[in-house]
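>>> Build me a model from this:
(chains A and B)
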Amino acid sequence: MWIYIEKIADYVGQEITIKGWLYNIRSSGKLMFPTLRDGTGFIQGVVSKNDVSEKVWDDFNKLTQESSVIVKGIVSKHPKKVNVYELQINNLEIVSISEPYPISHKEHGVEFLMDRRHLWIRTPRQSAVLRVRNEIIQSIRDYMYSNGFILFDAPIFTPNACEGTSTLFSTDYFDLGKAYLSQSGQLYAEAGALALGKVYTLGPTFRAEYSMTRRHITEFWMMEPEMAYFDIFDNMDLIEDFLVYVVQRVIKNKKQELEILERNMDKLEKVRKPFPRITYTEAVEILNKKDIPLIKKTEDGEEFIRPFPWGEDFGAPHEEAVVEDFDKPVMIYNWPAKAKAFYMKRDPDNPDLVRGIDVLAPEGFGEIIGGSQREDDLNLLLERIKEHNLPEEEFQWYLDLRRYGSVPHSGFGLGIERMVSWICNLEHIRESIPFVRRPNRIRP
RNA sequence: UCGAAGAUAGCUCAAUGGUGGAGCAUUCGGCUGUUAACCGAAGGGUUGUGGGUUCGAGUCCCACUCUUCGAGCCA
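Here you go, the predicted structure:
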């Protein structure tokens, strides 16, 4: 009977078959301990020379790391360890003998492993990350579906920069000139929200910035909900409820993987409602209490400006200083207009502010969500488009959303890989996606 | 794009300007409870590329290439 390793605990005492690969093998004279993997888990086998045929024994001696095998044996409990099972192997069928395997069980550099990413993902740690990623995406879809959101896929080829800020990848598009790879589906999602009420997009996005940090990749997945008749506070309520659902569900369903990743569960458990909500102005006060200056680059180096001048955008040190006092995601809202994108709604009480939200993950994982209430006033939006020197013609359809039945609406964008990095406690975002794309990497 | 560090065996690293080493991996041998198993033996090198200083350069100097870390941009 063919069994997957993840179900092995149900078959103690029974003879089963595992179809998989040899992960590692240790031998001790007339005893061998092959560790097998089958994609669902890892299990140690026991082969003793006295209990198997000569052919089986000889075949085991031929096996190399990552050879594919079908083994038969009886499931037993580990003699010393609790909740660990072994397979007392009595038969072996070799499917394929592996050539000498390039990835050993000793240390390797990241670049060496990244060049062999197609093989690296076979290891317990990497496959645990990918399983958690799957659980995160599935729980996002389940949350959205059961809360009445419609999946609304946005196009990837677009004629213009959405926010007009970051650099985009471009390609020729038949007779229509240049097309750009989408950096956000938001503008399209807004159209969706005004048609369907609550929608979300989930797809790849592209940024051509030469960013070589542990938080940036050039191709990443983003989930962007957009809701009609939601103001900024409704938006924050949703963010909170949504993040708690996803985090708690991963904790519940992916305990083993988080253990492999040595994730500190106490810190994840604390992700419960309510999250701290801090205005930009309050955040600046925190910075000044901690004496964190604005760092300005000058021709001969750096200039430190204190107190932190109101109106300037935050950099990494500022985010860190604000977040370090909290053990939950922190929502910073009501930002200075000049620091944020053109589509964010002006605060009716203060024209210098826009109703934007940044959500910063705890433990120094940085911004995982950026969102806002959108500008729904046609004339104010036109003004902002001019201020930002954006091509008005390209935004006519977007402006239509304000001409025909404009309503307050809000949304946000969640970076999937940053979410995975946070939940898995990854040092670098490049391990959060099966095949990463960075400025210096397009292979494998 | 800017700043810092680095590139030596298949991998991870060591080597005061004076004969380039170790662990792992590979091959062979040993071992009945191993768990990145262990023990013994063997093979394995144009020190990133190009130039310079020197009696002598992995080591010092210059240029280039690539990588890592940080900053900016953001999710």
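
>>> Let me see the mean pLDDT of the strand or helix carrying residue A:423.
With elements taken from DSSP states H and E, the one containing residue A:423 is helix A:416-424. For helix A:416-424, mean pLDDT rounds to 96.

>>> Now do the helices in the stretch 51-200 of chain A.
A:54-62, A:110-115, A:117-120, A:124-146, A:186-196 (DSSP state H, counting those that start in this stretch).

>>> mind listing what's buried in the last one?
The reference is to helix A:186-196. Across helix A:186-196, burial judged by 16 or more other Cβ atoms under 10 Å covers A:186-194, A:196. All C-beta spots, glycine's among them, are computed from the backbone N, C-alpha and C.

>>> now, which of the residues you listed sits nearest RNA strand B?
Checking the buried residues of helix A:186-196 against RNA strand B by Cβ to the nearest atom of the strand gives residue A:186 as the nearest, at 8.2 Å.

>>> in the stretch 201-350 of chain A, what residue is nearest RNA strand B?
Taking Cβ to the nearest atom of the strand, the stretch 201-350 of chain A has residue A:315 as its residue nearest RNA strand B, at 2.1 Å.

>>> Is that residue in contact with residue A:297, as I believe?
No. At 11.0 Å, residue A:315 does not count as touching residue A:297 under the criterion of Cβ atoms under 8 Å.

>>> More neighbours: which of these two?
residue A:315 (11 against 8; other Cβ atoms under 10 Å).

>>> Once you drop chain neighbours, what's closest to the more buried one?
Excluding its sequence neighbours, the residue lying closest to residue A:315 (Cβ to Cβ, 6 or more residues apart in numbering) is residue A:295, at 7.0 Å.

>>> For the one you found, which residues are in contact?
A:302-305, A:315, A:317 (Cβ atoms under 8 Å, 6 or more residues apart in numbering).

>>> Report the secondary structure state of it.
strand (DSSP: H, G, I helix; E, B strand; the rest coil).

>>> what sits opposite it in the beta ladder?
Listed beta-bridge partners, residue A:295: residue A:304 (assigned using DSSP bridges).

>>> Just to be sure, residue A:284 is in a strand?
No. Assigned with three-state DSSP, residue A:284 falls outside any strand and is helix.

>>> so it touches residue A:306, yeah?
No. With contact defined as Cβ under 8 Å, residue A:284 does not reach residue A:306; the gap is 11.4 Å.

>>> Looking at those two, which is more packed in?
Higher neighbour count among residue A:284 and residue A:306: residue A:284, with 23 against 11, using other Cβ under 10 Å.

>>> A strand includes residue A:325, no?
No. Residue A:325 is assigned coil when assessed by three-state DSSP, not a strand.

>>> ok, for residue A:57, nearest residue in space, not its chain neighbours?
Closest to residue A:57 by Cβ to Cβ, 6+ apart is residue A:49, at 5.4 Å.

>>> Sorry, slip of the keys, the one I care about is residue A:105.
Residue A:105's closest residue in space is residue A:24 (Cβ to Cβ, 6+ apart), at 6.1 Å.

>>> helices and strands around the host helix or strand of the one you found, which ones?
Per DSSP H and E, residue A:24 falls inside strand A:15-27. Applying 3 or more Cβ pairs under 8 Å, 6 or more residues apart in numbering; DSSP states H and E, one finds that strand A:15-27 makes contact with strand A:31-37, strand A:68-77, strand A:85-96.

>>> Does the last one reach RNA strand B?
Yes. Part of strand A:85-96 sits close enough to RNA strand B to count as contact by Cβ under 7 Å from any atom of the strand, namely residue A:86.

>>> Over to the second one?
No. Counting by Cβ under 7 Å from any atom of the strand, RNA strand B has no neighbours in strand A:68-77; the shortest distance is 7.5 Å.

>>> Check which residues of that strand are buried.
Quick answer for strand A:68-77 (16+ other Cβ under 10 Å): A:69, A:71-75.

>>> and the angle from it to strand A:15-27?
Angle, strand A:68-77 to strand A:15-27, by axes from the mean of the first three to the mean of the last three Cα atoms, to 10 degrees: 100 degrees.

>>> For strand A:68-77, which helices and strands make contact with it?
Against strand A:68-77 (3+ Cβ pairs under 8 Å, 6+ apart) you get strand A:15-27, strand A:31-37, strand A:85-96.

>>> try the shortest one
Secondary structure elements in contact with strand A:31-37, counted by 3+ Cβ pairs under 8 Å, 6+ apart, are strand A:15-27, strand A:42-48, strand A:68-77.

>>> Could you rerun that using 10 Å?
strand A:15-27, strand A:42-48, helix A:54-62, strand A:68-77, strand A:85-96, helix A:124-146 (3 or more Cβ pairs under 10 Å, 6 or more residues apart in numbering; DSSP states H and E).

>>> Name the residues of the last one that come out as buried.
I take that to be helix A:124-146. In helix A:124-146, the ones that count as buried by 16+ other Cβ under 10 Å are A:126-133, A:135-137, A:139-140, A:143-144.

>>> next one: stretch A:25-40
Those would be A:25, A:32, A:34-38, A:40, for stretch A:25-40 by 16+ other Cβ under 10 Å.

>>> Run through the residues of the stretch 151-300 of chain A sitting next to RNA strand B.
A:163, A:165-166, A:184, A:207, A:209-218, A:220, A:222.

>>> what about residue A:82, distance to residue A:9?
Plainly put, residue A:82 is 12 Å away from residue A:9 if you go by Cβ to Cβ, to the nearest Å.

>>> Likewise for residue A:18?
14 Å.
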